[in-house]
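[1] model this:
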Amino acid sequence: MSNTLVIIPTYNEKENIEAIVRAVFSQEKQFDILVVDDSSPDGTGNIVRNLQQEFSNLFLEVRQEKNGLGTAYIHGFNWAISRNYDYIIEMDADFSHNPNDLIQLYSACAIDGADFSVGSRYLNNKINVINWDFKRLFLSYFASKYVRFITKIPIYDTTAGFVCYKRKVLENIDLDKIKFVGYAFQIEMKFKAWKKGFKHKEISIIFTDRKKGTSKMSGSIISEAVFGVIKMRFENLLK
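    Model (predicted):
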């Protein structure tokens, strides 16, 4: 058993799941993987079950319905905490996050002393995104700037989904009170960790848009982020 768990939430990722699992397991450091699948109708869960015959440190949790990225990660966080993993990493299944960057995220916490590390597309305002159209890039980049302005959080890529947390960070955040389930979930987690005084480190990564499968981005997810951040900041000021 590794001291580090990589959580990969999935919904209809049959084109990517086997390749991403093998890529994670090919790293020099040993990682365990938990796939949290929302009953993908394309058979993603069955592919993972077949891979489990080959990999003893590949785990699968199947949820009965699609309830959002945030709740999938919280399910995974609670699973990891109950099994005493020291480090827990969020990662997409579609190779937008390069598995070769996992060790950097881990080392930032395990060696450099950060409590949580962020794989940043926009560190020091430098844009490292490949194959996004201008509209999506504009939205993502300025969403992070907007969040920094509203919340005052000193993180360049506040919406990043490639993050490593020490277990103590997740244990000190009341996961049952996380309100957002989509795009804003990533913002809320970083904001609460920062407000509790945990140290962070951003690692510059290159983000590459998926080549296979379908994006899960939607207008409702974006609206949650835009208006949710204002509400989150206001509630924090009241406290």
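
[2] show the pLDDT at residue 229.
    Residue 229 is assigned 68 on the pLDDT scale.

[3] residue 216 too?
    pLDDT at residue 216 comes out at 53.

[4] repeat that for residue 141.
    For residue 141, the pLDDT comes out at 82.

[5] number of nearby residues for it?
    19 (other C-beta atoms under 10 Å). Heads up, the C-betas are built off the backbone N, CA and C, glycines and all.

[6] phi first, then psi, for it.
    Backbone torsions for residue 141, taken as degrees, to the nearest 10, come to phi -60, psi -50.

[7] what sits against it?
    122, 127 (C-beta atoms under 8 Å, 6 or more residues apart in numbering).

[8] what's the answer for residue 32, then?
    Contacts of residue 32 (C-beta under 8 Å, 6+ apart): 1-2, 4-6, 57-59, 85.

[9] highest neighbour count among those?
    Most surrounded of the contacts of residue 32: other C-beta under 10 Å gives residue 6, at 29 neighbours.

[10] avg pLDDT for stretch 111-120?
    98.

[11] one step back: the contacts of residue 32 in helices, which ones?
    Using DSSP state H, no member of these sits in helices.

[12] of those residues, the lowest pLDDT goes to which?
    Lowest confidence among the contacts of residue 32: residue 1, with 87.

[13] hang on, the earlier thing: show me which of the contacts of residue 32 is closest to residue 200.
    Proximity of these to residue 200 (C-beta to C-beta) peaks at residue 4, which lies at 17.5 Å.

[14] neighbours of residue 212, how many?
    12.

[15] now the contacts of residue 32 as a markdown table including distance to residue 122?
    Shown next, in a markdown table, are the contacts of residue 32 (distance: C-beta to C-beta, whole Å):
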| residue | distance to residue 122 |
| --- | --- |
| 1 | 35 |
| 2 | 30 |
| 4 | 25 |
| 5 | 26 |
| 6 | 23 |
| 57 | 33 |
| 58 | 32 |
| 59 | 32 |
| 85 | 28 |
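
[16] surely residue 154 is within a strand?
    No. Under DSSP: H, G, I helix; E, B strand; the rest coil, residue 154 sits outside any strand and is assigned coil.

[17] how close does residue 94 sit to residue 13?
    Distance of residue 94 to residue 13, computed by C-beta to C-beta, to the nearest Å: 7 Å.

[18] right, I'll leave it there.
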